[in-house]
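[1] Would you be able to build a 3D model of this:
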Amino acid sequence: MLIPGAEPFFFPGGPVGCLLLHGFTASPQVMRGLGLHLSRAGWTAIGIRLPGHGTTPGDMNRVRWQDWMLAVEDGVHMLRNTCEKIFLLGHSTGGALALTYASDHPVDGVVGISTLLHLPDDPRFKLLRRLPFPIRLRIFSWYTRSTPFLKKGPPHWYDWDAHKEYIAYPVNPTGAIIELRHLLGELGRALPEMACPVLLVHSQNDETIPISDAEEILARLGSREKRMVAVEKSGHVLPLDAERETLYHHAEAFIRSRIEK
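    Next up, the predicted model:
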C-alpha cells in the first residue's frame with residue numbers, strides 16, 4: 001500500500017521536460033516543491049517513485065539498483081513523448097542515478113542535489129574494512145539476512161516544520177544498501193564519461209553526505225560545463241529545508257541558461 005503523500009506527480013507544461021528523482025528511502029514528496037516551481041516557469045515536471053519506495057521498508061530489500069535505473073529510463077521516455085529538451089534533477093541517491101544515466105544517454109543537463117559518491121561512514125562496519133573484500137561481502141550479506149533494517153541516526157534540519165512533512169522510511173534497508181553500493185561503483189566509473197552540463201548544489205553543513213563528495217564529483221566529471229553552489233543553512237534534505245528557495249532559483253537559472261543557448 002502506498003504511503004499517503006508519497007505519490008508520483010506530473011505537472012504538464014511546455015517542451016522543456018524536468019525529471020525529478022528522490023533519494024534513498026524517501027518519496028517523490030521531497031521533490032514536489034521543486035517540481036511545482038519548475039512547472040510555474042512553464043516547463044513540464046515529472047516526479048517518479050523509485051521501486052521499493054513509498055510503501056514499506058521491506059520492499060526496498062527486494063529491488064536491485066538496475067530497477068531504479070530502469071525507472072529513470074521510463075521517466076525520460078515519458079518526457080520525450082512531448083518535450084524537446086530533457087533535464088534530470090536528483091536528490092542524494094537520485095542525483096547519483098541522474099549522473100549515472102546521463103553518462104550514457106543524451107540529456108540537456110543534470111542538477112545533482114546533496115549527491116553522494118561514497119556510502120556514509122557507519123561505525124558498525126569500520127572493522128570490516130580491514131578484511132579482504134570477499135570476506136567483507138560474505139559477512140555483510142549474512143548481516144543483511146539477519147538484520148534487514150538499520151535504524152537511522154538523529155535527523156538534522158534547519159526548518160523543523162518542513163521536517164514534520166518529510167515522507168521517508170524511518171530505517172535503512174540493509175539489502176538496499178548493498179544495491180546502493182553497486183550503484184555508486186557505477187557512478188564512479190561514469191563520471192569521466194559525462195559530457196552534458198552539470199550543476200551541483202550541496203550544503204556545507206550536510207551531516208549525512210559531506211560536501212567533499214560533491215567536490216570530488218565536480219573534480220572527476222568529464223563535463224566541460226560544470227559548477228557547484230554551496231549553501232550553509234540546510235541539512236541533507238535540501239529540497240525541503242530552509243534554503244529550498246535558493247535551490248529553486250539556481251535550478252531554474254541553470255535550466256534557463258541551457259535552453260536559451
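
[2] average pLDDT across the host helix or strand of G175?
    Under the assignment given by DSSP states H and E, the secondary-structure element containing G175 is helix 174-190. Here the mean pLDDT over helix 174-190 is 92, rounded to a whole number.

[3] just the CA coordinates of that helix, formatted as CSV?
    Coordinates of the C-alpha atoms in helix 174-190 are reproduced here as CSV (Å, rounded to 0.1, in the frame of the first residue of the first chain):
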residue,chain,number,x,y,z
THR,A,174,20.3,-3.3,4.6
GLY,A,175,19.8,-5.2,1.3
ALA,A,176,19.2,-2.0,-0.5
ILE,A,177,22.4,-0.6,1.0
ILE,A,178,24.3,-3.2,-1.0
GLU,A,179,22.5,-2.1,-4.1
LEU,A,180,23.4,1.5,-3.4
ARG,A,181,27.0,0.5,-3.1
HIS,A,182,26.8,-1.1,-6.5
LEU,A,183,25.2,2.0,-8.0
LEU,A,184,27.9,4.2,-6.5
GLY,A,185,30.5,2.0,-8.1
GLU,A,186,28.8,2.6,-11.5
LEU,A,187,28.7,6.3,-10.8
GLY,A,188,32.4,6.4,-10.1
ARG,A,189,33.2,4.8,-13.4
ALA,A,190,30.7,7.0,-15.2
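
[4] Which positions in that helix come out as buried?
    Buried residues in helix 174-190, counted by 16 or more other C-beta atoms under 10 Å: 174-180, 183-184, 186-188, 190. The way it works is simple: take the backbone N, C-alpha and C, and place the C-beta from them, glycine included.

[5] with those in mind, which one is nearest to L200?
    Closest approach to L200 among the buried residues of helix 174-190 (C-beta to C-beta): L187, at 13.0 Å.

[6] Low-confidence stretches in the stretch 101-250 of the chain?
    When residues are selected by pLDDT under 70, those of the stretch 101-250 of the chain lie in 121-147.

[7] Can you give me the end-to-end span of stretch 52-64?
    Counting by C-alpha to C-alpha, to the nearest Å, you get 9 Å between the two ends of stretch 52-64.
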